[in-house]
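turn this into a structure:
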Amino acid sequence: MEHFSLAAIGLGLIVLGIGMGIGKIGQGAMEAMARQPEISSKIQTAMIIVAALIEGAGLFALVLTWLLG
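Purely as a prediction, here's the structure:
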């Protein structure tokens, strides 16, 4: 029973980290677009790519935690 609670804590921390990471990406991208609106399409493309990489790593961590839990 203890393994399930540890897995639940791990899953919660992973989801929290993913949300915080994507939030920081969005914040930085919005600030950069406000400073230089002429390159906002390039910034948006880079933001989407980085967010997808974070979600992929987070999904891998979620599956691994679930399998080990």
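
name the element the closest residue in space to Ile14 that isn't next to it in sequence belongs to?
Of all residues not flanking Ile14 in the chain, Ala61 sits nearest, at 4.9 Å (CB to CB, 6 or more residues apart in numbering). Any C-beta I mention is one placed from the backbone N, CA and C, and that applies to glycine too. Per DSSP states H and E: Ala61 is located in helix 40-68.

picking up where we left off before, is it true that the residue nearest to Ile14 touches Val15?
No: counting by CB atoms under 8 Å, Ala61 stays clear of Val15, with 9.6 Å between them.

among the two, which residue is more densely surrounded?
Just comparing Ala61 and Val15: by other CB atoms under 10 Å the higher neighbour count belongs to Ala61, 17 against 13.

separation between the more buried one and Glu31?
As judged by CB to CB, to the nearest Å, Ala61 and Glu31 stand 28 Å apart.

please name the nearest non-neighbouring residue to Gly26.
That would be Met47: by CB to CB, 6+ apart, it lies 7.0 Å from Gly26.
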